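Participant: make a model of this:
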Amino acid sequence: MLGTRFAKRPLELKIPVTIAGMSFGALSAPAKEALGRGATEVGTSTTTGDGGMTPEEREHSETLVYQLLPSRYGMNPDDLRRADAIEVVVGQGAKPGGGGMLLGHKISDRVAEMRDLPQGIDQRSASRHPDWTGPDDLEIKLHELREITDWEKPIFVKVGATRTYFDVQLAVKAGADVIVVDGMQGGTAATQDVFIEHVGIPTLPAVKLAVDALQELGMHRQVQLVVSGGIRTGADVAKALALGADAVSIGVAALIALGDNAPELEDEYRQIGSAAGFYDDWQAGRDPAGISTQDDELAARFDPVLGGRRLANYLRVLTLETQTLARACGKSHVHNMEPEDLVALTIEASLMTGVPLAGMQRSLVDEIAERVAARLQD
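Facilitator: Okay, here's the model as predicted:
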């Protein structure tokens, strides 16, 4: 359950895996519909992304989270009320502190109409919200959103993993029901490589910092923590939950599950200079699978019913893998996993998470702290 702090209607999800925000514009309308279908089939949520809510997405999503981003493209108070939760995006793991761009060839007539932009012109998204500049203003904004939605909807605050400890505490102070921490392994097609490769911190240490921040405030489990950025397998889910997350969110993995990079399209991927399994030029709008495109002919190739079924199967596998690992640790529920169920295989992983290195009884952090304290006493 997500959003139990203040919302009258918290989200009740059947699995601890949700679908992250990916916009209509970045993705085709059939792909957005398929995300809703797949999430609904297994009882979890999907998220709108930038640019607003499409009717297909709302119709086929039992639980839909509406993203409020700095650009405000497509923002509609009526859609806020029609959503099941609201996610205020402060930052994104692949580009924290930066804005984004949707190239002009993906600004179709429909995308342009929804975003109130000229067709065919590059669309730039701002890096900060226009109506608040700090945590005190964020508190006012969250209260405004609660008033608009009669205090029914859970409000998420999403931050890119950078100064995670302090960002999480500020979001809690502002009144968030749920914190989403997005690590730098998260994907995007809306920024430059230097951001993707060099800005932010990895998901693994971000989870530890976020949990520490919540525990320091006595709010761990009262404010739920969702972790995203590079989640691919049930093992990734299990590790995040064991470190203290309440749920995870997936983006790129969901697109692959829909059928992106499918081997049967190998010849067509080669025609555009790529190969099945390697295509990541989602900004180009030439995806042969019809997923990350606004080309009507390409989008028509994609079957949202089949895509939704594939996504649902993938989500079931993630859940079953997570359950299997929990049982292997002697736990009756995935949320009973804890850091004591983990060991680190590298010194770096141990230092980042506080988990003991394999073969040791204590974490390297504790060991180093004790030795430093002993040396100082000498």
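Participant: hey, let's count contacts and neighbours off CA atoms from now on
Facilitator: Will do.
Participant: separation between residue 64 and residue 331?
Facilitator: Counting by C-alpha to C-alpha, to the nearest Å, the separation of residue 64 from residue 331 is 31 Å.
Participant: more neighbours: which of those two?
Facilitator: Between residue 64 and residue 331, counting by other C-alpha atoms under 10 Å, residue 64 is the more crowded of the two (26 against 16).
Participant: isn't that one right up against residue 48?
Facilitator: Yes: the pair residue 64 / residue 48 is scored as a contact, 7.2 Å apart, by C-alpha atoms under 8 Å.
Participant: show me what contacts residue 148?
Facilitator: Residues near residue 148 by C-alpha atoms under 8 Å, 6 or more residues apart in numbering: 77, 81.
Participant: make that residue 266, sorry
Facilitator: Contact analysis of residue 266 by C-alpha under 8 Å, 6+ apart lists 275-276.
Participant: tell me the confidence at it?
Facilitator: You'll see residue 266 listed with a pLDDT of 95.
Participant: please point out which parts of the helix or strand that contains it sit buried.
Facilitator: Assigned by DSSP states H and E, residue 266 belongs to helix 266-271. Residues of helix 266-271 classed as buried by neighbour count (16 or more other C-alpha atoms under 10 Å): 268-269.
Participant: what lies in contact with stretch 82-93?
Facilitator: Stretch 82-93 is contacted by residues 11, 58, 63-70, 80, 97-98, 127-129, 153-161, 181-187, 200, 229 when judged by C-alpha under 8 Å, 6+ apart.
Participant: neighbouring contacts of the helix or strand just after the helix holding residue 266?
Facilitator: Later in the chain than helix 266-271, the nearest helix or strand by DSSP H and E is helix 296-299. The contact list for helix 296-299, computed with C-alpha under 8 Å, 6+ apart, reads 28-30, 286-291, 293.
Participant: cool, and stretch 105-115?
Facilitator: The contact list for stretch 105-115, computed with C-alpha under 8 Å, 6+ apart, reads 24-26, 51-52, 73-74, 118-123, 284-285, 293-295.
Participant: go again with 6 Å.
Facilitator: For stretch 105-115, contacts defined as C-alpha atoms under 6 Å, 6 or more residues apart in numbering pick out 25, 51, 73-74, 118-120, 294.
Participant: ok, stretch 218-238 next?
Facilitator: Stretch 218-238 is contacted by residues 177-183, 185-186, 214, 245-250, 253, 318, 321-322 when judged by C-alpha under 6 Å, 6+ apart.
Participant: make a PyMOL selection of the buried ones in the contacts of stretch 105-115.
Facilitator: What follows is the PyMOL syntax selecting those of the contacts of stretch 105-115 that are buried according to 16+ other C-alpha under 10 Å:
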select buried, resi 25+51+73+74+119+294
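Participant: picking that back up, only C-alpha atoms, please: export the helix holding residue 266 in CSV.
Facilitator: Coordinates of each C-alpha in helix 266-271 appear next as CSV, following Å, rounded to 0.1, in the frame of the first residue of the first chain:
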residue,chain,number,x,y,z
GLU,A,266,16.5,-7.6,-36.6
ASP,A,267,16.6,-6.8,-40.3
GLU,A,268,14.7,-3.5,-39.7
TYR,A,269,17.0,-2.5,-36.9
ARG,A,270,20.0,-3.1,-39.1
GLN,A,271,18.4,-0.9,-41.8
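Participant: touching, residue 129 and residue 69? I think so.
Facilitator: No: with contacts counted by C-alpha atoms under 6 Å, residue 129 stays clear of residue 69, the gap being 7.1 Å.
Participant: so which of these two has more stuff around it?
Facilitator: Ranked by neighbour count (other C-alpha under 10 Å), residue 129 and residue 69 place residue 69 first, with 25 against 17.
Participant: what's the closest non-adjacent residue to that one?
Facilitator: Distances taken as C-alpha to C-alpha, 6 or more residues apart in numbering put residue 89 closest to residue 69, at 5.2 Å, once the chain neighbours are dropped.
Participant: neighbours of that neighbour, just the number please.
Facilitator: Applying other C-alpha under 10 Å, we find 21 residues neighbouring residue 89.
Participant: just the pLDDT at it, thanks.
Facilitator: In the predicted model, residue 89 carries a pLDDT score of 95.
Participant: same question for residue 378.
Facilitator: Residue 378 is assigned 69 on the pLDDT scale.
Participant: spatially nearest residue to residue 293, not counting backbone neighbours?
Facilitator: Nearest residue to residue 293 in three dimensions, chain neighbours excluded: residue 285, at 4.2 Å (C-alpha to C-alpha, 6+ apart).
Participant: mind listing what's buried in the helix or strand containing residue 253?
Facilitator: Element membership of residue 253 [criterion: DSSP H and E] is helix 252-258. Neighbour-count burial for helix 252-258 flags 252-258 (criterion: 16+ other C-alpha under 10 Å).
Participant: same question for stretch 106-126.
Facilitator: In stretch 106-126, counting by 16+ other C-alpha under 10 Å, buried: 106-108, 111-112, 114-115, 117, 119, 123, 125-126.
Participant: got the end-to-end distance for it?
Facilitator: One end of stretch 106-126 sits 18 Å from the other (C-alpha to C-alpha).
Participant: could you do stretch 212-223 as well?
Facilitator: Start to finish, the residues bounding stretch 212-223 are 13 Å apart (C-alpha to C-alpha).
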